[in-house]
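Engineer: Whatever this is, show me its structure:
(2 chains)
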Amino acid sequence: DAGVTQSPTHLIKTRGQQVTLRCSPKSGHDTVSWYQQALGQGPQFIFQYYEEEERQRGNFPDRFSGHQFPNYSSELNVNALLLGDSALYLCASSFQMNSPLHFGNGTRLTVT
Amino acid sequence: AQSVTQLDSQVPVFEEAPVELRCNYSSSVSVYLFWYVQYPNQGLQLLLKYLSGSTLVKGINGFEAEFNKSQTSFHLRKPSVHISDTAEYFCAVSSSGGSYIPTFGRGTSLIVHP
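Structural biologist: Just a heads-up that it's a prediction; the model follows:
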């Protein structure tokens, strides 16, 4: 039973560039949530997707956007990267927005 | 809105000793409570959860936690730790009946010495 998978595992970008991170949910899950974890901090909620729509959003600017595909996989896009966007980005999946989250191993984004 | 305070940023302990990681939460509504563990270079793994019912919750790897509504606490305990328990531990809260979007604390680093 495959868990939550994220790609790539590591990424280095330059300030001002754009980045796309990808996530495949755990088998049987249909909801995807994205979190940002800065070094030494707890994860911060970015947004949640269910039925291909953004259902809830945390306190993140519009530079952060996402998408969910019919197969439930998801992408996180960040435009106009800032140095402060450097973090571990975690994807988590659940069932019908109504079960505890299962996390992937994350994508480590470094902005230089 | 909810918030979580993890009272200790770092807890050093010797192997086979008991440990308690403290967590207090703030919420104006009923809550669900969670503890997650994060090993180096990995994502978060659910240790245990409180949704309803018994206030003493048992999780994986010998951990347990007790929900105390009057003190708004959800402390994590293990009677005897192993070197392999060295990791970052996160307490999290979400509103019950909501969409299970937890708010996380800043984490407690458990360091187990031989």
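
Engineer: Could you list the contact residues of chain B toward chain A?
Structural biologist: For chain B, the residues found near chain A under the criterion CB under 8 Å from any CB of the partner chain are B:4, B:34, B:36, B:41-46, B:49, B:90, B:92, B:99-107. Placement of C-beta: from N, CA and C, glycine included.

Engineer: In strands only, show me these.
Structural biologist: B:Val4, B:Phe34, B:Tyr36, B:Leu44, B:Gln45, B:Leu46, B:Lys49, B:Phe90, B:Ala92, B:Thr103, B:Phe104 (DSSP state E).

Engineer: of those, closest to A:Thr9?
Structural biologist: Closest approach to A:Thr9 among these (CB to CB): B:Leu44, at 15.8 Å.

Engineer: That closest one contacts B:Phe34, correct?
Structural biologist: No: look at B:Leu44 against B:Phe34 with CB atoms under 8 Å: they stay out of range, at 9.5 Å.

Engineer: Which phi and psi values does B:Ile83 adopt?
Structural biologist: For B:Ile83, the backbone dihedrals (degrees, to the nearest 10) come out as phi -50, psi -40.

Engineer: now it, nearest residue through space, not along the chain?
Structural biologist: Nearest non-adjacent residue to B:Ile83, counting by CB to CB, 6 or more residues apart in numbering or on different chains: B:Val112, 5.2 Å away.

Engineer: what pairs with the residue nearest in space to the middle of chain B across the strands?
Structural biologist: Among the residues of chain B, B:Trp35 comes closest to the average C-alpha position under CA atoms, centre = their mean, at 3.4 Å. B:Trp35 forms beta bridges with B:Leu48, B:Cys91, as assigned by DSSP bridges.

Engineer: how far away is it from chain A?
Structural biologist: B:Trp35 is 11 Å from chain A, where distance means CB to the nearest CB, to the nearest Å.

Engineer: is it true that that residue touches B:Leu76?
Structural biologist: Yes: using CB under 8 Å, B:Trp35 is in contact with B:Leu76, at 5.1 Å.

Engineer: shared neighbours of those two, which are they?
Structural biologist: B:Leu21, B:Cys23, B:Leu47, B:Leu48, B:Phe63, B:Ala65, B:Tyr89, B:Cys91 (CB atoms under 8 Å, 6 or more residues apart in numbering or on different chains).

Engineer: Now for A:Gly40, how many residues are close by?
Structural biologist: 10 (other CB atoms under 10 Å in any protein chain shown).
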